[in-house]
Structure formats: C-alpha cells, structure tokens
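1. What would the 3D arrangement of this be:
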Amino acid sequence: MVQTINAITPLDEARAILSQHFDLKFSKAVERATEKVFDRVRDKIPEIEWPFYAPLIFQINQLKREKDAVILAHNYQTPQIYHGVADIVGDSLQLAVEATKVRQQVIVQCGVHFMAETSKLLNPDKTVLIPDSRAGCSLAESITADDVLMMKEKYPGVPVVTYVNTSAAVKAVTDVCCTSSNALDIVNRVDGDTVIMIPDQYLAQNTAKKTAKKVITWAGACEVHETFTAEDISELRHAYPTAKIIAHPECPPEVIDAVDFAGSTAAMIDWVKTNKPPRVVMVTECSMSDNVASETTGVDFLRGCNICPHMKRINLENVLWSLHTMTEEVLVDPAIIPAARLAVERMIEMSRKGD
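-> Predicted coordinates:
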C-alpha cells in the first residue's frame, strides 16, 4: 500500500511518510544551509525547535530548484515558511502583480485557495499548486457568481468592484477587482457616482467614509478581523498605554476609528518600518506581526492579534509533499478564465496608473 499525505494526515505521520523519501535529519550541512534563515526567526522559533524545521526547509529549497518551482507566500504564513522557503512574499496585490512576472513553470501558493486561483488566472499555462486545498476564506465563501448577477440586476449599470478574496467564478462576473491596498483608488477610478463593492462589508464601509461615491455593500466579512471590537482597542490602550495600535481595514469601522493607523497589510508594514514606534500592536493576523518583527529592529511588537485557521493549514510538511508529488493542482474552468483574468488585470493596470 502506497502511503500518501492528505489534508487530514497528522503532522507526525506526515513526517514519517516524508522520511521515506527525504533525509530529515538535522545534519551539519543542513545547519549551515539554514543558518541565515534561523538568524531571522530566532526570536519567533525557539532554538530547540529549529532541528525539526530546518531539514524540511533544506529539502524544499532543494526540490523547488529541481522542479523549476517558485513559492509565493502571503504575509499571514508562518515565519518558517515566510522566511525559510518563500521566494516572493506580500499581500494579495503584491502576489498578484508578482505572479505575472514569474518565469518558473510551477507556482506553489502558500496562502489560501482564491490566491492560488488568481495565480492560475494570470498564468493559465503554468502548473499552480496549493499544499492544502482546504485553505479557504470566509470572504470567498460568502458570495457566489449568482449573488453578483442578482446585484447587477438590482442595480443595472452600476460598476462592480470585487475584492480579490473571492472565487474565480465571482471575478468572472465583476468589472474590476481590488485589494485592501488599492480599494479606495479603484472605487474612485471606476465610472459613475455609485459603486457595488463586494463582499467585505467592513472594507466597503471603511472605503465609503473616504469617497464621495455611494457604496453598495454585501454582508461578507473576514473571520480574522470581524471579531475585533472598539472595546478590544480600549483594553489594549489600557494594557499598553505607550504603544501605537494599527489595524487592517477589514476590521469594523468603530475599530478603525479607535486606532492610530489603518491600512492594508503592505501599508501596515510600511508604516511600522517608516515610523519605528518603540512599541506597536498590529490588530490583524498573528503571523504577520511575527514576520514584520523578524524584519524590523528597535520595535517591540505586542500581542493583539487573531490566527487565520485557513492560512495555518499550509505547513512545511505539505509544502514538501506538494512539490514531491506535484499536488494539489489548482484548475480553473477555461470558460471563465478570460473574464476573471480581465478583472484582475484591470486592477493591476489601474493600480499602476496610481503610482
């Protein structure tokens, strides 16, 4: 019987299966090859745990060269993935832009499923893999293509701006995509004085406060950000009176009103690196705070975050297995690729015009 690693395989069992194909011992060669990675993450990964991660990182980096693969990783990935094996890191917009430039024939998406679909839309002739296809998104699951068509029928002629946190099918019936980085700019650039902005109700509400246009929303939300409250911010102020508190615009408006700065993942990172506050709380996903901390000196990062369970489905074990077996491949219905791709390309082009 051939043993395989699937979505429900426990990590210890997955490692045992991988050991049949790869040397996962922590040798001197592995230690030397990964020492620069450990220097970046030593504040987030205890030294006693490094011998567990290092052989996996070593083998992934070896294998991706053999397979002509590139690894794209979102800011919410764990430090061992973000710093250890990723070739390109960033938020949804950065990954979408960079996906158009990759020369490798295989893309491994360390993120959630809609991100892998976006990479496939932009690279229909390349092989796109996601290590765990269960890595979904509450926003992507909150709306369907039929829902969008219903809204377009209800508001004829009103342009539809769709968050990239959606399926390819939804993108295919929209006018242009956006990310949290460029939402306001995209809304202001589309024609008319009214816009349908879906599916994140809080990103739409926070954008509406900054534009003269009427914004029609949908009742979707990010499960990481929607649970933060103004009371949480008040408690953080009390616990850390000297700290700056920054948040993602997927948080409810009352949270955004209560923090010192709000912006996309890329904007939050830039703000911290530029302003260098002595102490900061990033009201977002926990691994993002860890990854920024590993790249930033002179700033004390305090906890005030939530964990995305979908992002955490991606781990070193299933990344290595994905490359080894070339699974799980992400496919998009060829019939919807042109329209869905156009919505993403319009977003990228409109963002470039705003540079």
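2. rest of the way, CA atoms for contacts and neighbours
-> Fine.
3. List the buried residues for stretch 257-265?
-> By neighbour count on 16 or more other CA atoms under 10 Å, the buried set for stretch 257-265 is 258-259, 261-265.
4. What of stretch 95-114?
-> Quick answer for stretch 95-114 (16+ other CA under 10 Å): 95-99, 102, 106-114.
5. Take the residues you listed and keep only those in helices.
-> In helices, defined here by DSSP state H, the members of the buried residues of stretch 95-114 are 95-99, 113-114.
6. Residue ranges in this structure under the pLDDT threshold?
-> 1-2, 353-355 (pLDDT under 70).
7. Please report phi then psi for the residue nearest to the spatial centre of it.
-> When CA atoms, centre = their mean is applied to the chain, the residue found nearest the centroid is residue 74 (3.8 Å). Backbone geometry at residue 74, expressed as degrees, to the nearest 10, gives phi -80, psi 160.
8. Wait, it touches residue 94, no?
-> No - using CA atoms under 8 Å, residue 74 is not in contact with residue 94; the gap is 9.1 Å.
9. The stretch 1-150 of the chain: helices as residue ranges?
-> Along the stretch 1-150 of the chain, counting by DSSP state H, counting those that start in this stretch, helices occupy 11-18, 28-41, 50-66, 79-82, 92-99, 113-122, 145-154.
10. on that earlier part again, will you turn the buried residues of stretch 257-265 into TSV that also has secondary structure and distance to residue 243?
-> Listed next are these as TSV, based on DSSP: H, G, I helix; E, B strand; the rest coil; distance: CA to CA, whole Å:
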residue	secondary structure	distance to residue 243
258	helix	13
259	coil	11
261	strand	12
262	strand	15
263	coil	17
264	coil	20
265	helix	19
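11. Can you tell me which of the residues you listed is closest to residue 12?
-> If you rank the buried residues of stretch 257-265 by distance to residue 12 using CA to CA, residue 265 comes first, at 32.6 Å.
12. Please parse this protein into its domains.
-> 11-136+310-325, 140-222, 230-302 (automatic domain parsing).
13. From one end of the longest one to the other, what's the distance?
-> The straight-line separation of the ends of domain 11-136+310-325 (CA to CA, to the nearest Å) is 17 Å.
14. mind checking how far that domain is from the chain centre?
-> Distance of domain 11-136+310-325 from the chain centroid (CA atoms, centre = their mean, to the nearest Å) equals 14 Å.
15. Now do the buried residues in stretch 337-354.
-> By neighbour count with 16+ other CA under 10 Å, stretch 337-354 contains the buried residues 337, 339-348, 350-351.
16. Could you identify which of the helices of the stretch 1-150 of the chain is most buried?
-> Most buried of the helices of the stretch 1-150 of the chain by mean neighbour count (mean count of other CA atoms under 10 Å) is helix 113-122; its value is a mean of 26.
17. Which other helices and strands does that one contact?
-> Here helix 113-122 touches helix 92-99, strand 106-110, strand 127-129, helix 168-171, helix 337-353, going by 3 or more CA pairs under 8 Å, 6 or more residues apart in numbering; DSSP states H and E.
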